[in-house]
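1. Okay, predicted coordinates and the sequence, questions at the end:
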Amino acid sequence: MKTQYDGYVAVDELRVKGDLTLGENVADLGGIKLAHAAMETWQKAKGAPTAEPWRYDDSQQFFLGIAQAWCTKVRREQAAQRAATDPHAPPYWRVNGPLGNLDAFKQAFRCVDGDKMVRTGANRCTVW
């Protein structure tokens, strides 16, 4: 995960510090993975929905909710300061970083290997 996040741009040419953000990056990936699995377990226990289908299915809504939760705008100076000192990756990478590693995201949006949001092989990180 360190290497993955070292490759992400925080602002301008300043990159995310994968070693500084490692703990939170692992927590983001593991937390999203476990939360999605818990949602699926709960849905199986409650049975199939009876309402008309929504525009997005439950898994898609789950991942869209994560993206919306991290939607923010930060001034360049603040982003640079955070990149140098904050143990959290920038909000954009708290979404795109972990989701690109998850099979559940890939399946939810019917992505294939080679799509921008899909990490594969040695570039893919997994936890738990």
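-> Ah, there it is. Numbering: from 1, shown residues only.

2. could you show me where the strands are in this structure, in order?
-> Ranges of strands in the chain, per DSSP state E, are 9-11, 14-15.

3. To Gly114, which of these lies closest?
-> Closest approach to Gly114 among these (C-beta to C-beta): strand 9-11, 21.4 Å. The way it works is simple: take the backbone N, C-alpha and C, and place the C-beta from them, glycine included.

4. For that closest one, which strands pair with it and how are they oriented?
-> Strand 9-11 has these partner strands in its sheet, going by DSSP bridges: strand 14-15 (antiparallel).

5. circling back: quick one: which of the strands of the chain is nearest Cys125?
-> When the strands of the chain are ranked by distance to Cys125, counting by C-beta to C-beta, first place goes to strand 14-15 at 17.0 Å.

6. Output the below-cut-off pLDDT ranges for the chain.
-> Applying pLDDT under 70 to the chain picks out residues 48-52.

7. could you redo the last one with a cut-off of 80?
-> For the chain, the stretches flagged by pLDDT under 80 are 48-54.

8. Just give me the neighbour total for Gln68.
-> 9 (other C-beta atoms under 10 Å).

9. what does the one 10 residues further on give?
-> Residues within reach of Gln78, counting by other C-beta under 10 Å, total 12.
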